[in-house]
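# Let's see this in three dimensions:
(one chain, ligands or ions: 1)
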Amino acid sequence: MALKNINPTKTQAWEKLTDHFNNNKEIRIKDLCKDINRQEDFSLELGDLSVDFSKNRITEETISLLVELAKEVDLKDAIEKQFSGEVINVTEGREVLHTALRSTSDEPVLVDGKNIKPQIQAALRKIRSFSNKVISGKWKGYTGKSITDIVNIGIGGSDLGPDMVVESLQYYKNQLTTHFVSNIDGDHVSEIMKKLNPETTLFVIVSKTFTTQETITNAETLKNWFLKSATIFDIPKHFVAVSTNLEAVDNFGVDKANVFPMWNWVGGRFSLWSAVGLSISLSVGFDNYRALLDGAEEMDLHYKNTAFENNIPVILALLSIWYNNFYEAETEAVLPYSQYLKKLPDYLQQAIMESNGKGVDRNGDKIDYQTGTIVWGSTGTNMQHAFMQLVHQGTKLIPADFIGYKESLYGLVDHHKKLMANFYGQIEALAFGKTEEEVHLELKFSGDEAKIAKLLPFKVFEGNRPSNAILFDKLTPRSLGKLIALYEHKIFTQGILWNIYSYDQFGVELGKELAKKLLNKQ
Ligand code: G6Q
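Numbers count the residues shown, from 1 in each chain. Take a look at the predicted model:
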C-alpha cells in the first residue's frame, strides 16, 4: 500500500494553524519564558540526550495543532510503512530500509517476500572480520607489509556519511590513517596520492552503481598509480569494493571475496549503516561501528513507538514546518559546539536538501507551498566570529539547532566550561536579545545623551530568534548514531507532511547528463 496523499494545506489542522499563527505571530519568546515551568514543559529526553525546545515561538496550543496536522496526514501510517518495508520510494519502486540495517530484533523484514535480516547480519559479520584483519595487521599488502592507510573512494552518499562519521569519531580512531577521495577534480586525488605508499594502502571503492563518473575515474587513476609499483595480481590485496554491481566490480579487478554488498532498499544518503560504512569500521573498529548502529536503533525505536507530542524527531520536524511554512523562514542553521562535528552540516545538507528539495507532490502536481529548508552551519565557537552577526541582527529569521555535549572527551574542564557558556550565551542572546533600555543603561556612563542616542539602535538586539538545544552527555559512537538517526527521521517526517517523496533525487540527473554530452563533444 502506497503512502497516503494528502495536501497539508487543505487539512483542518492547517486552517487552524493559520488562524493560530495570525493571532499569535507577535508572540515573544522572552514573555513565554517567564513561565518557570516552560523549560521542563518544552523539553524531551531519551537516555543521554535531552532536547530543550522552549526557546521557540510556540505555545502548548501550537504544539497540539502541529501534532494534529501530523495525525491528519497520517504520519503514523507512513512510519509503519517505512519500517515494515513497503515500497514507499514509489518513483524509484523501492523500499526504504536503512532502519533494518541497525535493527537487533529477530523480527523479519520482508523484501519481495524474503527476510532481509540474515543478509544484513552476514554483511556485518564480513565487515567485522575484514576490519579485524586489517586493523590487527594480519591483512598484508603485496610486499608483506601491514596496511597503514585506507582510502575511501566514493561521492555523495558513498562519501559524505562515512567521512563525517570518521571525522566525528576521531577520538576513537586506531592507528590507520583514513583518506576520502570524492571530487572529479584531479587535484583532490593527486594531493591524497602524494601521502600514500602503494605497499601499505587499502582502497575501498564505494559505489552502489559502480558507474558514477567521479568514483570510477578516481578509482582508475588510483589503480594506475598503484600499478606503477605493483602488478594486476596484487590488486585483490589492495582494492575492495562496496557495490550492487558485481559485474563492473569484477571487471575492475576486485576479487569477488572482497566485495561488500549494498542493496537497492537503502538510499545512498542513508547508507552509512551498511557496508558503505566499511571505512568507519576500519577506522574505529567494529565494536564502535556497532555502537553507532545501536545508537541509531535506539532513536528508531523511540521514533516508531512514541506519541508525537513526546517524539523528538517529530517535534523537531514540526517546529521546522512551523517556521518554514508559517513564518516563511527559508533557512535553518545547524551549529554543533564540538570541533569533531565540523562535517555534520555538509552531511546534513545532502540528507536534508536532496531528500526534501522537491516541488512536485505525491500526486505529481506542482506544489504551491514551501517544502525543503536550506540548511547550513558550522561549529561553535568559530562561527560566532563569522556569520552569527547576521543571525543575531540581520533581517532574516533563522531557526537554529545548537548541538552540545555535557562533557568533553579530553577533559580540559576550563575549555569546556567556556565552550558551553558560549553555547548557552548564544541561545539566550538569540531568544531574549537586548532592549533599548538595557543598551541605554550600559552606555550611560560612556558619553553624552546625544552620542548615546545615535549609537543606540545599532546596539539593540531584537531577540525572539528561535533555537533548539540538543544536548548529549558525551560524544560517543552511540550518541552520534542517535543524532544522525534523529535527523533522518526529522527528514522523513517533513517529507510526509509536505506530501512529497523524500527518497528519490531526480534533480541531480540533468546536470550529469549535460556534462556527459559536453564531454562527448570535446
Ligand atoms: C544519495 C544519492 C547520491 C549517491 C551518489 C553516489 O542518496 O543517491 O549521492 O550516493 O551519486 O552513487 P554511487 O554509490 O552509485 O556511486
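# contacts and neighbour counts: CA atoms only from here.
Will do.
# ok, now which ones touch residue 452?
440, 443-444 (C-alpha atoms under 8 Å, 6 or more residues apart in numbering).
# typed the wrong thing, it's residue 109
Residue 109 makes contacts with 84-85, 100, 115-117, as judged by C-alpha under 8 Å, 6+ apart.
# Please repeat the previous calculation with a cut-off of 10 Å.
Applying C-alpha atoms under 10 Å, 6 or more residues apart in numbering, we find residue 109 in contact with 83-86, 97, 100, 103, 115-118.
# on that earlier part again, can you add neighbour count, pLDDT and distance to residue 197 and give the contacts of residue 452 back as CSV?
Listed next are the contacts of residue 452 as CSV, based on neighbours: other C-alpha atoms under 10 Å; pLDDT from 0 to 100; distance: C-alpha to C-alpha, whole Å:
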residue, neighbour count, pLDDT, distance to residue 197
440, 18, 91, 64
443, 18, 86, 62
444, 12, 84, 66
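# Which of the residues you listed fall within helices?
For these, the ones inside helices are 440, 443, with DSSP state H as the criterion.
# Would you format the contacts of residue 452 as JSON lines with distance to residue 516 included?
Formatted as JSON lines, these follow (distance: C-alpha to C-alpha, whole Å):
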{"residue": "440", "distance to residue 516": "62"}
{"residue": "443", "distance to residue 516": "62"}
{"residue": "444", "distance to residue 516": "66"}
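# just to revisit the earlier point, show me which of the contacts of residue 109 are buried.
The neighbour-count test (16 or more other C-alpha atoms under 10 Å) marks 83-86, 97, 100, 103, 116-117 as buried among the contacts of residue 109.
# how about the residues you listed, which pair is most distant?
Between any two of those, the greatest separation by C-alpha to C-alpha is 16.7 Å, found for 86 and 103.
# Which members of the contacts of residue 109 are positioned in strands?
Of the contacts of residue 109, the ones assigned to strands by DSSP state E are residue 115.
# Residue 288 contacts residue 278, doesn't it?
No: contact criterion C-alpha atoms under 10 Å: residue 288 and residue 278 do not qualify, at 11.9 Å.
# Tell me the spacing between residue 338 and residue 423.
The spacing between residue 338 and residue 423, counted by C-alpha to C-alpha, to the nearest Å, is 10 Å.
# the more surrounded of residue 288 and residue 278?
Just comparing residue 288 and residue 278: by other C-alpha atoms under 10 Å the higher neighbour count belongs to residue 278, 27 against 19.
# Need the phi and psi values for that one.
Per-residue torsions, residue 278: phi -50, psi -40 (degrees, to the nearest 10).
# Might you report the residue contacts of it?
Going by C-alpha under 10 Å, 6+ apart, residue 278 touches 124, 126-128, 130-131, 152, 162, 204, 206, 241-242, 260, 272, 285-286, 289.
# so of those, which ones are in helices?
Among the contacts of residue 278, DSSP H puts 124, 126-128, 130-131, 162, 286, 289 in helices.
# any chance of the residues you listed in TSV, with pLDDT, neighbour count and distance to residue 318 too?
Listed next are the ones in helices among the contacts of residue 278 as TSV, based on pLDDT from 0 to 100; neighbours: other C-alpha atoms under 10 Å; distance: C-alpha to C-alpha, whole Å:
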residue	pLDDT	neighbour count	distance to residue 318
124	98	22	35
126	98	19	39
127	98	23	37
128	98	19	38
130	98	18	42
131	98	22	40
162	98	25	28
286	98	22	35
289	98	26	31
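# does stretch 484-495 come close to the ligand?
No: Stretch 484-495 is not in contact with the ligand by C-alpha under 6 Å from any ligand atom; minimum separation 12.1 Å.
# Could you list the buried residues of the strand or helix carrying residue 225?
Element membership of residue 225 [criterion: DSSP states H and E] is helix 213-227. For helix 213-227, the neighbour count (16+ other C-alpha under 10 Å) marks 214-219, 221-223, 226 as buried.
# Contacts for the next helix or strand along the chain from it next, please.
Proceeding N to C from helix 213-227, the next assigned helix or strand is helix 235-238, under DSSP H and E. Outside of helix 235-238, the residues within contact range by C-alpha under 10 Å, 6+ apart are 139-142, 147, 150, 198-204, 223, 226-227, 252-258.
# go again using 7 Å as the cut-off
Residues outside helix 235-238 that contact it (C-alpha atoms under 7 Å, 6 or more residues apart in numbering): 141-142, 201-203, 253-255.
# Can you tell me which of the residues you listed is nearest residue 428?
Closest approach between the contacts of helix 235-238 and residue 428, by C-alpha to C-alpha: residue 203, at 46.9 Å.
# Quickly list what the closest one is bridged to.
With DSSP bridges as the criterion, residue 203 is bridged to residue 151, residue 239.
# and the gap between it and the ligand?
Distance, residue 203 to the ligand, using C-alpha to the nearest ligand atom, to the nearest Å: 15 Å.
# Who are the contact partners of that residue?
Applying C-alpha under 7 Å, 6+ apart, the residues near residue 203 are 150-152, 238-240.
# Would you tell me which residues of the chain are close to the ligand?
So the chain meets the ligand at 155-158, 207-210, 212, 267-269 (C-alpha under 6 Å from any ligand atom).
# Repeat the analysis, applying 5 Å as the threshold.
Within the chain, the positions near the ligand by C-alpha under 5 Å from any ligand atom are 156-158, 207-209, 212, 268-269.
# can you put those residues in CSV and add distance to residue 411?
Output for those, formatted as CSV (distance: C-alpha to C-alpha, whole Å):
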residue, distance to residue 411
156, 34
157, 33
158, 33
207, 39
208, 40
209, 44
212, 43
268, 36
269, 33
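# Need the buried ones from the residues you listed selected in ChimeraX.
A single ChimeraX command selects the buried members of the residues of the chain next to the ligand (16+ other C-alpha under 10 Å):
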select :156,157,158,207,208,268,269
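# In TSV, list the residues of the chain next to the ligand along with pLDDT, secondary structure and distance to residue 435.
Output for these, formatted as TSV (pLDDT from 0 to 100; DSSP: H, G, I helix; E, B strand; the rest coil; distance: C-alpha to C-alpha, whole Å):
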residue	pLDDT	secondary structure	distance to residue 435
156	98	helix	45
157	97	helix	46
158	98	helix	48
207	97	coil	54
208	94	coil	55
209	94	coil	57
212	96	coil	55
268	97	helix	48
269	98	helix	44
